[in-house]
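Quick one: sequence plus predicted model below, questions after.
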Amino acid sequence: MIVGQSPKAYGFEQSRWSLNHLLCVCTHLKIKSKSCLWNWLKKWKISYKRGRLYVHSPDADYQAKLAYMRTTLETADIDKAVFLCIDQLT
């Protein structure tokens, strides 16, 4: 989910998403206006939330790891391979 990641992962300098930046990144939705995007976000129950007591530290390499997993999974011989994905836990 794009809004669960930092805008910095998509080349933006700010730490929070704006409707303009979401429109630039979410081209697959074919939404043209900020008001339409705002209505869809409300429909999907995605909204701004105040800071939490815990610290969320997004993985800067998330996109690269995801691409590597997809490529590996697509090229694996399904009959002979087992695909195991693990991540660090702190």
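Happy to help now that I have it.

Now do the same for the closest residue to residue 69 other than its chain neighbours: helix, strand or coil?
Using CB to CB, 6 or more residues apart in numbering and skipping the chain neighbours, the partner closest in space to residue 69 is residue 85 (6.0 Å). Heads up, the C-betas are built off the backbone N, CA and C, glycines and all. Judged by DSSP: H, G, I helix; E, B strand; the rest coil, the three-state class of residue 85 is coil.

how close does residue 85 get to residue 41?
29 Å (CB to CB, to the nearest Å).

ok, how many other residues are close to residue 7?
Residues lying near residue 7 (other CB atoms under 10 Å) number 18.

Span of stretch 20-29 from start to end?
End-to-end span of stretch 20-29 (CA to CA, to the nearest Å): 14 Å.

Identify each buried residue in that stretch, please.
Neighbour-count burial for stretch 20-29 flags 21, 22, 23, 25 (criterion: 16 or more other CB atoms under 10 Å).
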